[in-house]
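*Asks:* take this sequence and fold it.
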Amino acid sequence: MQYILLVALLAIPVLVFGFRRKSGQESEESEDRGVFLEDVQIRYVNLLFGPLSPLGKPEKITLHHTASTNDTVQSIHAYHKSKGWAGIGYHYVVYANGEVWQGRPSDKKVAHTEMQNEGNIGVCFVGNFDTHSMPQKQLEVGKALIKQIQRTKGIKTVTFHKNLKSTNCPGKNFPYSSFLQLS
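*Replies:* Here you go, the predicted model:
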């Protein structure tokens, strides 16, 4: 009886939310479904990319901001395509409400830091952290995402766009110390 109750309780999230628990595997989920990296739900939308190269051995995670508060994975993808890129240049996009969306497939090379994209996982936070502070939910989920990427990819280094290129990204109000603790 206890076994049946346990199985029924474990099935409730699948029945109610339609989520499947995976450990960082690629998926072709639609935007109304997602997968989990441990405690972080990753949402997917079908984005069409131009030719993509393999990522190579992951060595670092680079953090960015959009410098805008209303960007979406789709709008970033369209903007990056308009620049002649294959599509969105980041692997993950973290929204202010804590949603995490897959951008570029996690096994493909990104286009977010010129001359520094080989083996570089790109994570972008929606918001302008030159003018605003990061919402607590976005910070918590962002840290959980970074920890999970570190565990699954064996990466220790977390850096910021401004450390690799002459830019202010991810902004003067970005919670640098919270993410440096993960390095």
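
*Asks:* how about N70, secondary structure?
*Replies:* Three-state assignment for N70 (DSSP: H, G, I helix; E, B strand; the rest coil): coil.

*Asks:* let me know the pLDDT of it.
*Replies:* At N70, the predicted lDDT confidence score is 90.

*Asks:* again with the one 4 residues further on
*Replies:* The predicted local distance difference test score for Q74 is 96.

*Asks:* same thing with E59?
*Replies:* According to the model, E59 scores 89 on pLDDT.

*Asks:* count of residues packed around the nearest residue to it once chain neighbours are set aside?
*Replies:* Leaving aside its chain neighbours, E59 sits nearest to G119 (4.0 Å; criterion: C-beta to C-beta, 6 or more residues apart in numbering). (C-beta placed from N, C-alpha, C; glycine too.) G119 has 15 neighbours, counted by other C-beta atoms under 10 Å.

*Asks:* equivalent analysis for S68, please.
*Replies:* Neighbour tally, S68, other C-beta under 10 Å: 11.

*Asks:* is it true that it touches D130?
*Replies:* No - using C-beta atoms under 8 Å, S68 is not in contact with D130, being 10.8 Å away.

*Asks:* thinking again about what came up before, residue contacts, the residue nearest to E59?
*Replies:* G119 is in contact with L55, G56, K57, P58, E59, K60, counting by C-beta atoms under 8 Å, 6 or more residues apart in numbering.

*Asks:* and the helices in the chain?
*Replies:* 2-17, 73-82, 136-153, 161-164, 176-180 (DSSP state H).

*Asks:* and stretch 129-146, how far out from the chain's middle?
*Replies:* Here the centre of stretch 129-146 is set off from its chain's centre by 12 Å, with C-alpha atoms, centre = their mean, to the nearest Å.

*Asks:* quick check: mean pLDDT of that stretch?
*Replies:* The pLDDT scores in stretch 129-146 average 94.

*Asks:* tell me the buried residues in that stretch?
*Replies:* F129, M134, Q138, L139, V141, G142, K143, A144, L145, I146 (16 or more other C-beta atoms under 10 Å).

*Asks:* from those, pick the one nearest Q74.
*Replies:* Using C-beta to C-beta, Q138 comes nearest to Q74 of the buried residues of stretch 129-146, at 18.7 Å.
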